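Q: Fold the following and give me the result.
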Amino acid sequence: MSSDIKRSGSCLCGGVQFQVIGQPLRVGLCHCKDCRKTSGSAYQAFAVWPRQAFESEGITSTYGGRSFCPTCGSRVPSIGGDEVEVMIGGLDVAPTEGLKPSYELWIGRREHWLHPLPGARQFEHDRSASDQAADDGESETVRDPLRKLA
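A: Residues are numbered from 1 along each chain as shown. Sure, this is the predicted structure:
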């Protein structure tokens, strides 16, 4: 896929619109309690892009570090530091091309009828700084502001 690919998305009512350009830094699934509660599903699928690859318009609210549309309640991208977390289900085109999860978080909370994603790294809880450093090729430093190192 081209590095200048553009993906657009919105909340259910269309009051919040967004766009990301290029490839995400990482794509994952999370089975933690917070993600289950905020999605109303057994897990949450997300992708993280650099902040500079993201544009949005519309009014958002935030609770517990997660952003949502105050009109319809849909989860919308959350900005944390220099990264933006986008819920894959918020993108306009489905199925999504090129957004295959490479890891799963909180696998102890994964439903028994869901199987581990083949080839995806499995984490009992959140990713650690050393996991992020290994992915980024950097030394162990700052904790990722989004998804507790999602």
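
Q: Can you pull out the low-pLDDT segments for this protein?
A: Along the chain, the parts satisfying pLDDT under 70 run over 1-3, 129-130, 132-150.

Q: For it, just list every one of the strands.
A: For the chain, the strands defined by DSSP state E occupy 6-10, 17-21, 26-30, 44-50, 54-57, 61-63, 66-68, 75-76, 78-80, 83-87, 103-105, 121-122.

Q: would you turn these into a markdown table with mean neighbour count?
A: C-betas here are computed from N, CA, C, even on glycine. Formatted as a markdown table, these follow (neighbours: other C-beta atoms under 10 Å):
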| stretch | mean neighbour count |
| --- | --- |
| strand 6-10 | 18 |
| strand 17-21 | 19 |
| strand 26-30 | 23 |
| strand 44-50 | 22 |
| strand 54-57 | 14 |
| strand 61-63 | 11 |
| strand 66-68 | 20 |
| strand 75-76 | 25 |
| strand 78-80 | 18 |
| strand 83-87 | 24 |
| strand 103-105 | 22 |
| strand 121-122 | 15 |
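
Q: Turn those strands into CSV, columns for distance to His115.
A: As requested, the strands of the chain are exported to CSV (distance: least, C-beta to C-beta, whole Å):
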stretch, distance to His115
strand 6-10, 27
strand 17-21, 29
strand 26-30, 12
strand 44-50, 15
strand 54-57, 32
strand 61-63, 31
strand 66-68, 27
strand 75-76, 25
strand 78-80, 28
strand 83-87, 22
strand 103-105, 10
strand 121-122, 11
